[in-house]
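Peer 1: Sequence first, then the predicted structure:
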Amino acid sequence: MLKEKVNMYIGKIRAIEGVRGCALISRDGIMLGQSMDGDFNEPWLAAMCATLFASAESASGILGIPPPEDVCVRGGGSSLVVLGAGEKVLVVVVGRSSFERTEGARTLEAITMEIGGSF
C-alpha cells in the first residue's frame, strides 16, 4: 500500500512541467521512492537532502524566524528543491533553475500539502 501511494505521488510530481526528477524521503533520511535519471547513491541522496532541510530548520530557529517551507539550491541551470510535506515526509525535486517561480511550483506546493495529509 505504501509503495503504491509513493509511486502515485511521484507520478503526479513528474507530470509537472519543468520537473526533471523527484524523490520522496522520510525526514530522517530514508528513501521512500524516486524517479531520477542517472546512477547515484540513493541512501546518500536521501540522507543529504534530509540534513539540508533539517539544517535550514535549525538555522531558522537560531534566528527566531519561521521554519522553511522549502530549501532551494541553484546552479548550472538546474535547481534542487527540498520541500516539507507534513511531519514525516520530504519531497525532493530537480528542475530548471527558475522552477520555483513557475506555475509548476504552485502545483507542486498543492501536491506537497496533499502528501503531508496522507502520511
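Peer 2: Good, I have the coordinates.

Peer 1: Output the contacting helices and strands for the longest helix along the chain.
Peer 2: Identified as the longest helix of the chain according to DSSP state H is helix 42-63. Where contact means 3 or more CB pairs under 8 Å, 6 or more residues apart in numbering; DSSP states H and E, helix 42-63 is packed against strand 19-26, strand 31-35, strand 70-75, strand 78-85, strand 89-96. For glycine as for every other residue, the C-beta is placed from the backbone atoms N, C-alpha and C.

Peer 1: got the buried residues for the second one?
Peer 2: Residues of strand 31-35 classed as buried: 31, 32, 33, 34 (neighbour count, 16 or more other CB atoms under 10 Å).

Peer 1: check contacts around the nearest residue to the second one once chain neighbours are set aside.
Peer 2: Sequence neighbours aside, residue 24 is the residue nearest to residue 32 in space, at 4.3 Å (criterion: CB to CB, 6 or more residues apart in numbering). Contacts for residue 24 (CB atoms under 8 Å, 6 or more residues apart in numbering) come out as 6, 9, 10, 32, 33, 34, 85, 89, 90, 91, 92, 115.

Peer 1: Look up how far residue 61 lies from the residue lying closest to the first one once chain neighbours are set aside.
Peer 2: Using CB to CB, 6+ apart and skipping residues adjacent in sequence, the residue nearest residue 6 is residue 33, 3.9 Å away. Applying CB to CB, to the nearest Å, the value for residue 33 to residue 61 is 29 Å.

Peer 1: Quick one: low-confidence residue ranges for this protein.
Peer 2: Scanning the chain for pLDDT under 70 picks out the ranges 99-101.

Peer 1: hmm, try it at 80
Peer 2: 1, 97-105 (pLDDT under 80).

Peer 1: quick one on the thing from earlier: buried residues of the longest helix of the chain, list them for me.
Peer 2: Buried positions in helix 42-63, judged by neighbour count with 16+ other CB under 10 Å: 45, 46, 47, 48, 49, 50, 52, 53, 54, 56, 57.
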